[in-house]
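> Give me the fold of what follows.
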Amino acid sequence: MITILRKKFESNPGKSTIKLKDKCSDCGCEIKIKISSTSGGYGLQGGALFKSKAVGFFARCPDCYAINEK
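Reported below is the predicted structural model:
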């Protein structure tokens, strides 16, 4: 997942925050995730991202993440 986030920031030089619009993989609601580059890695607000071999990554909204924290 770190590699995917690093590539997103490399393709958007100079940005400290990237906004990602996606659909929750569980409930299908539209979510907007703000991804910030930090000194210790990356911070996400508005949802969670998970690595997927099939599509690179998938997203979950905060409610579904709270139910399925895996």
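> use CA for all of it now, contacts and neighbours both
Noted.
> Identify each buried residue in stretch 35-49, please.
35, 36, 37, 47, 48, 49 (16 or more other Cα atoms under 10 Å).
> Mind checking which of those are in strands?
If you go by DSSP state E, the buried residues of stretch 35-49 have 35, 36, 37, 48, 49 in strands.
> Lowest-confidence one in the residues you listed?
Checking pLDDT across these, the minimum falls on residue 37 at 88.
> what's near enough to touch that one?
By Cα atoms under 8 Å, 6 or more residues apart in numbering, the contact set of residue 37 is 16, 17, 43.
> looking at it, residue 42 is touching residue 34, isn't it?
No - here residue 42 does not reach residue 34: they are 10.1 Å apart, not a contact under Cα atoms under 8 Å.
> Against residue 7, how distant is residue 60?
According to Cα to Cα, to the nearest Å, residue 60 and residue 7 sit 20 Å apart.
> Of the two, which one has the most company?
Between residue 60 and residue 7, counting by other Cα atoms under 10 Å, residue 60 is the more crowded of the two (26 against 10).
> how about the nearest residue to the more buried one, chain neighbours excluded?
residue 24 (4.4 Å; Cα to Cα, 6 or more residues apart in numbering).
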